[in-house]
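# Have a look at this prediction, sequence included:
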Amino acid sequence: MTFTQYLWQEATPIFEKIRAHPFNQELRQGTLPTDAFTFYIYQDSLYLADFARALAVAGTRAATSQELLDFLQFAQNAILVERALHESYFDEYRISYTSGKAPGCFAYTNYLLAVSTLESYEVAVAALLPCFWIYKEIGDYIYAHQTTPNPYQNWISTYAGEEFGEAVRKVLGICDRLAEQASESTRQRMREAYLTSSRLEYLFWDSAYRREAWPV
Ligand SMILES: Cc1ncc(CN)c(N)n1
C-alpha cells in the first residue's frame, strides 16, 4: 500500500461525512439554495488567495526546481483558474459580500499558512493534499451522480475535469515520494496534517451550509 493509499484509508470516515453533507448532496441535485452557494463562493475566493500563498511558500522548500515549479504552477492555477470560475459566479449572482472570513474559512486558511511556514516541507505537502484530492473525489462523485441540468455545472466540471486531475496526480506522486524517504515520526506528522486538513474541508462546507457568522 502506498502512503497516500494509507492516508485515504485513515481519512475515509471524514471523506464519507463530506460526501454525505447536505451541501454536497444538494449541489449534486442542483437544489442547493443560491445563498448557500454564493456564501461558499465568496468564502472560497478568500480561501484561494491564502491557499495560493501557502502553495508558493511550501514550494520554496522543495528539493528540486521541478517541484518548485509544480508548486508555483498550482498556486497560479488557484488564482487564475479557480478564482476565474468564482469571478464568473460573482457576476452571475451579483455577489457583493464584504463580511470577511467566516470562522471555518479563517481556521482553514490560518492552518495552511502556519503549516506551510512553520512545519517541514513533508508535513506542509500532506496538509495541502486534501485541498486537491478531496475536491477531485467530490467533483468526480457529483459529476457521476448529478441531476442535469444543474445550475452549478461549471463548478462540478472544473473539479471533475482532466486539468485538475493532472494536478492531483502530481501532488499524490510528490507526497508518496516524500513519505518513502521520511522517518516514521515525520510520516506520523504527515498523517496528522492530512487528517486536520480533511476535517477543515468538512468544516468549510458545513460553514457555508449554515452561513456561519462569528457569534460575537
Ligand atoms: C476550501 C477549498 N478546498 C479546496 C479547494 C480546491 N482547491 C477549494 N477551492 N476550496
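Arrived safely. All values derive from a computational prediction rather than experimental measurement.

# For the rest of this, base every contact and every neighbour count on C-alpha atoms.
Noted.

# so which helix or strand takes in the residue of the chain found nearest the ligand?
Of all residues in the chain, C131 sits closest to the ligand, at 3.8 Å by Cα to the nearest ligand atom. Assigned by DSSP states H and E, C131 belongs to helix 121-145.

# Who are the packing partners of that helix?
helix 22-29, helix 34-59, helix 103-118, helix 153-160, helix 162-181, helix 184-209 (3 or more Cα pairs under 8 Å, 6 or more residues apart in numbering; DSSP states H and E).

# Same list (those helices) but as TSV, adding mean pLDDT.
Output for the helices and strands packed on helix 121-145, formatted as TSV (pLDDT from 0 to 100):
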stretch	mean pLDDT
helix 22-29	98
helix 34-59	96
helix 103-118	98
helix 153-160	93
helix 162-181	97
helix 184-209	98
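
# closest to E16 out of those helices?
helix 184-209 (10.0 Å; Cα to Cα).

# Around the ligand, pick out the residues from the protein.
44, 131-132, 135, 201, 204 (Cα under 6 Å from any ligand atom).

# who are the neighbours in contact with the nearest residue to I156 once chain neighbours are set aside?
Setting aside the residues directly before and after it, I156 is nearest to G139 in space (Cα to Cα, 6 or more residues apart in numbering), at 5.5 Å. G139 is in contact with 156-160, counting by Cα atoms under 8 Å, 6 or more residues apart in numbering.

# All set now, cheers.
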